[in-house]
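Peer 1: give me the fold of what follows.
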Amino acid sequence: MIEPDHPDLSIGQQCALLSIPRSSFYYTPQGETGRNLSLMRLIDVPFLETPFFGVRQMTWHLRNEGHEVNEKRVRRLMRLMGLMPIYQKPNTSRPTKGHKAYPYLLRGLRVDRPNQVCCVDITYL
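Peer 2: The predicted structure is shown next:
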């Protein structure tokens with residue numbers, strides 16, 4: 001998109017025409033550091049054995065092994081690796097004891113003209 005050796009337009013003018021900052025042309029993304037790569041390997045091995053370990057348990061596990069890690073770093077690396085712990089999701093389809101089932105009043109009613117059935121939401125009262 002941007003040609004550094006363009007004879008008529010400078011890099012700044014080309015960036016202005018494309019509405020991008022000039023710093024984004026010069027930016028080169030940095031890879032992960034060697035320490036982060038070794039931590040990613042250390043996270044991957046116990047996660048395969050215990051896939052229910054989340055960020056807090058993984059941080060606790062790594063600290064018990066003698067590694068100085070922060071919970072934020074473990075969270076970022078696990079997100080980068082795409083690791084999500086397995087846990088029981090709440091069952092929202094099962095009604096509770098206090099749940100009251102209201103009757104469906106339009107059952108069997110054939111709606112065949114406009115304004116035959118109206119609906120009002122008064123939950124804010």
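Peer 1: and Arg75, which of the three is it?
Peer 2: Put simply, Arg75 is helix when judged by DSSP: H, G, I helix; E, B strand; the rest coil.
Peer 1: what is the neighbour count of it?
Peer 2: Applying other CB atoms under 10 Å, we find 15 residues neighbouring Arg75. Just so you know, the C-beta spots here come from the backbone N, C-alpha and C atoms, and that holds for glycine as well.
Peer 1: list the contacts for it?
Peer 2: The contact partners of Arg75, by CB atoms under 8 Å, 6 or more residues apart in numbering, come to Val55.
Peer 1: gap between Pro21 and Ile2?
Peer 2: Distance, Pro21 to Ile2, by CB to CB, to the nearest Å: 12 Å.
Peer 1: host element of the nearest residue in space to Pro46 that is not next to it in sequence?
Peer 2: In this structure, Pro46 finds its nearest non-sequential neighbour in His61, 5.6 Å apart by CB to CB, 6 or more residues apart in numbering. Applying DSSP states H and E as the criterion places His61 in helix 55-64.
Peer 1: could you do Met78 as well?
Peer 2: helix 71-81.
Peer 1: show me what counts as buried in that helix.
Peer 2: Buried residues in helix 71-81, counted by 16 or more other CB atoms under 10 Å: Arg73, Val74, Leu77, Met78.
Peer 1: one more: stretch 107-119?
Peer 2: Within stretch 107-119, judged by 16+ other CB under 10 Å, no residue is buried.
Peer 1: that one: how far from the chain's middle?
Peer 2: Computed by CA atoms, centre = their mean, to the nearest Å, the chain-centroid distance of stretch 107-119 equals 42 Å.
Peer 1: show me the contact partners of it.
Peer 2: With CB under 8 Å, 6+ apart, stretch 107-119 has contacts from Leu106.
Peer 1: separation between Tyr87 and Glu68?
Peer 2: The gap separating Tyr87 from Glu68 is 27 Å, by CB to CB.
Peer 1: centroid-nearest residue for this structure?
Peer 2: Centroid check for the chain by CA atoms, centre = their mean gives Arg79 as the closest residue, at 8.2 Å.
Peer 1: which ones are touching it?
Peer 2: No contacts exist for Arg79 under CB under 8 Å, 6+ apart.
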